[in-house]
Structures are given as C-alpha cells and as structure tokens.
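A.B. asks: sharing a sequence plus its predicted fold:
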Amino acid sequence: MSGILTRPGPAHKGIPPAPTPPPGTLAPREPPVHPFAVIPRYDTPRPAADPGRTPGPPPLRSVEDMIRAERLTKRYGSRTVVRDLSFTVRPGTVTGFLGPNGAGKSTTLRMLLGLDAPTHGTATVNGRPYSGHPAPLTQVGALLEARSCHPGRTAFHHLMALAHTHGIPRSRVEHVLGVTGLADVADRRVKGFSLGMGQRLGIAAALLGDPATVVLDEPVNGLDPEGVRWIRTLLTSLAAEGRTVLVSSHLMAEMALTADHLIVIGRGRLLADTTVADLVRDAGTASVLVVTPEADRLRTLLPPPAHTTAEGPETLRITGVDAPSIGRIAAAHAVELHALTPETASLEQAFMDLTHDSVTYQGAPA
C-alpha cells in the first residue's frame, strides 16, 4: 500500500497510474499551476464549439449549485444551539457567515456537511444532503479544522490519501499544492507545519475535488499578509467562476474586502441576510465631518433631524443630514467650508451594533 501513496518522480517509476474514470464520465483537465489559478471543474462538459465565440472556460452556474438551510434546529439536551435557521447561499458570490462566539456558526456548518444531524429542519448542498453525494469531494470542498490530518504524513501523502478515495489523479494533487504555495514543502511532514502552512494544506484539500461549492471556516487564521491577500484573490476568483463560496470569519475588515453577501446569526437565530453595503448603510451611524470657521452659525442653519457634535473649535460631526445637503445650506448662506467629509460606518461597527444583544461571552471592562 505504501507504494500507491509514494510521490511520483524518477525514483518511483513503478507507481501505478491513477484509476481510470468509469465509462461515460469525463477525464479531468490538467491546467497549469499558477499562484492565483482559477481551478476548472472536472464534472462540467465543455459546450459545443461555436465559430463565432471566443473560446473560454465552460459555464459553471447551476440552480442546484447552492447551499440551502431550511428551519435548521439543533439541541444538545436542554440547550438549543441553532434555532429555526433558514438561509440560502447562492453561486457566483462570496458569502460571509458571521456571528459572535457561541452563535452557532460551527454547529451550522457541521450540519451542512453532514457531521451533525439536525434536531429539526434540513440542510442541502448542491440539491441534496451532503451524505447523499456519491463523491462528496467533487461537490463540496470544506475546511473546518486545518489540523485534521495525520501529523506523520507529508503534505503530498495526505492529499494523495484523499485523492485515492475519489479516483482523483496525482496531477490534481500536484496542481493544488502549487495553487496553495505548498509545492516546495510537499515532502515535509505535516507535524512540522506552521499554523499558516496547515491552513494552506486544509485549503488544498478543500479544492482537491474541484468542487462546485466551497465552505471555509476561518481560512485566514495564521496566514501572513501575503497569504491573506492570496486567499482573498482565490475566493473572489472561485465566485467569479460561478461557484458557491461560504466563508466564516471573525475578521470584519477582511470580510468587508472579500464578501458580497452576509449571513449573520446570534444565539442560533438569523439576524441578517443581506449585502455588505446594505448592512453598513442600515447601521445608521453615517456622519459628516465639517471644518468651518463659522461652526456656531452653521449649527443654527441645519434643519431637524440634524444632530451636531463639536470635535474642535472649527470642527463639527453632523448626523441626520447628508453631505450634499450640508454643502447646499452652506453655499446658500455664504458659510465658509474648509472640509466636508462623509464618513460611513465600518462593517465591524455595523456588526457590533447588530449583534450587541446576542453576545454570549462578553468580557467585563478592565
């Protein structure tokens, strides 16, 4: 058995080839390795050639290529962790899955991936429960725990062990090692990996089957700035292909840069199912910073519901009135303005406002 999992090379010419795909199935395509490569699907047939169309990657989007939770509930004894939770994660977008510690995010992900059975409700991925997929790695790629591999195996052997369960060729293993930046350390044992390298290996395993749906829990943990930038680029490129991408994270700044849509839960209940822009806008904490030598005069000219706070002798923070309206009022009354700066709430502040009453573990002031 050890010969089957040996890395191919000049010293291992006797290694048997990867299993031949069953009759009627497509042979996998083998793209070149690139740090920001867009990974092609194995199971999507190429469209018929059209002489009037520029060749390109096959369309991947399907109404079935999505995640759906319907009235999910999970109880452990008398404790309810997830309560009547319903949402849909659609293809073609990066969806952030947010919530405070103890909100039920990990339990929800485990139910989506068939690791925990819901007490009530259903969870489907690509049109059926995870356990109903005959080759799940080719449908759903998931990273829940980066260290869920044998520490004595090399990165290459770990991925080959997974590949052989689905008839995935060695070339695909080599490809995802290159995509995740692990090609040069593929022969190192996993027990010597840093946290960031372990995360990259977990992401490589998630991408191994070239799935239509990708689910990642805290994928940037332990990654350096270059790695964070890489995962951001990878996620957006996967979504651009039409794949379904669900990412759980506590890093609001990163979610603001990466996610298109957000699902926010608290104490096991749905709090928001919206876009990043709408969540920030609805937070209601937008303001305008005004610098003027006539601050007191401008204050008297603003109509209700304007609220002003002095932040210096010539500086006002104004809420309830937008910047264009303030500018028009100042111009109409010849008020001299030195600065007129709209400031919107950050995603972090909007998230904190939304989940304020749903925090399970709240520290006391020092």
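C.D. replies: Done, it's in.
A.B. asks: which residues pair with A310 across the strands?
C.D. replies: With beta bridges defined as DSSP bridges, A310 has these partners: L316.
A.B. asks: can I assume D187 is in contact with H158?
C.D. replies: No - contact status for D187 versus H158: not in contact, 11.6 Å apart, counting by Cβ atoms under 8 Å. Using the backbone N, CA and C atoms, a C-beta is placed for each residue, glycine as well.
A.B. asks: so for these two, which sits in the more crowded spot?
C.D. replies: Here D187 and H158 are set side by side on neighbour count (other Cβ atoms under 10 Å), and the busier one is H158, at 24 against 11.
A.B. asks: just the helices in the stretch 201-350 of the chain please.
C.D. replies: Counting by DSSP state H, counting those that start in this stretch, residue ranges of the helices within the stretch 201-350 of the chain are 225-240, 252-258, 276-282, 295-301, 323-332, 347-355.
A.B. asks: touching, T244 and V214? I think so.
C.D. replies: Yes - when contacts are counted by Cβ under 8 Å, T244 is listed as touching V214 (7.2 Å).
A.B. asks: the nearest residue to V220 once chain neighbours are set aside and R200: what is the separation?
C.D. replies: In space, V220 comes closest to V228 once its chain neighbours are excluded; the distance is 4.9 Å by Cβ to Cβ, 6 or more residues apart in numbering. With the distance defined as Cβ to Cβ, to the nearest Å, V228 ends up 12 Å from R200.
A.B. asks: between these two, who's got more neighbours?
C.D. replies: When V228 and R200 are compared for neighbours, R200 comes out ahead with 27 against 17, by other Cβ under 10 Å.
A.B. asks: can you list the low-confidence ranges for the stretch 51-200 of the chain?
C.D. replies: For the stretch 51-200 of the chain, the stretches with pLDDT under 70 are 51-65.
A.B. asks: hmm, 50 instead?
C.D. replies: Judged against pLDDT under 50, the low-scoring parts of the stretch 51-200 of the chain cover residues 51-61.
A.B. asks: what segments of it are helices?
C.D. replies: Assigned by DSSP H, counting those that start in this stretch, the helices in the stretch 51-200 of the chain fall at 105-112, 155-166, 170-179, 195-207.
A.B. asks: other SSEs contacting the third one?
C.D. replies: In this structure, helix 170-179 makes packing contacts with helix 155-166, helix 195-207, judged by 3 or more Cβ pairs under 8 Å, 6 or more residues apart in numbering; DSSP states H and E.
A.B. asks: please apply the same query to the longest one.
C.D. replies: Contact partners of helix 195-207 among helices and strands, from 3+ Cβ pairs under 8 Å, 6+ apart: strand 140-143, helix 155-166, helix 170-179, strand 213-217, helix 225-240.
A.B. asks: for the ones you listed, give me TSV that also has distance to G114.
C.D. replies: Supplementary listing: the helices and strands packed on helix 195-207 in TSV, determined by distance: least, Cβ to Cβ, whole Å:
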stretch	distance to G114
strand 140-143	9
helix 155-166	16
helix 170-179	23
strand 213-217	12
helix 225-240	22
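A.B. asks: quick one: closest of the ones you listed to D84.
C.D. replies: Closest to D84 of the helices and strands packed on helix 195-207 is strand 213-217 (Cβ to Cβ; 21.3 Å).
A.B. asks: and the closest one, how far out from the chain middle?
C.D. replies: Relative to the mean C-alpha coordinate of its chain, strand 213-217 is positioned 7 Å out (Cα atoms, centre = their mean, to the nearest Å).
A.B. asks: equivalent analysis for stretch 180-192, please.
C.D. replies: Relative to its parent chain, stretch 180-192 has a centroid offset of 24 Å by Cα atoms, centre = their mean.
A.B. asks: with stretch 235-246 instead?
C.D. replies: Here stretch 235-246 shows a centroid-to-chain-centroid distance of 9 Å under the convention Cα atoms, centre = their mean.
A.B. asks: quick one: buried residues of that stretch?
C.D. replies: Using 16 or more other Cβ atoms under 10 Å as the burial criterion, the residues of stretch 235-246 that qualify are L235, T236, L238, A239, E241, G242, R243, T244, V245, L246.
A.B. asks: bridge partners for the last one, pull those for me.
C.D. replies: Put plainly, it is L246. T95, V215.
A.B. asks: list the residues that contact it.
C.D. replies: Remark: with contacts taken as Cβ atoms under 8 Å, 6 or more residues apart in numbering, L246 is in contact with I67, V89, T95, F97, T213, V214, V215, L216.
A.B. asks: buried set for stretch 159-167?
C.D. replies: Buried positions in stretch 159-167, judged by neighbour count with 16+ other Cβ under 10 Å: L159, M160, A161, L162, A163, H164, H166.
A.B. asks: now, among those residues, which is nearest to A103?
C.D. replies: The shortest approach to A103 among the buried residues of stretch 159-167 belongs to L162, at 30.1 Å (Cβ to Cβ).
A.B. asks: how much space separates the closest one from R189?
C.D. replies: To R189, L162 is 17 Å away according to Cβ to Cβ.
A.B. asks: same deal with H338?
C.D. replies: 62 Å.
A.B. asks: tell me which of those two has more neighbours.
C.D. replies: In terms of neighbours (other Cβ under 10 Å), R189 is the more surrounded of H338 and R189; the figures are 15 against 10.
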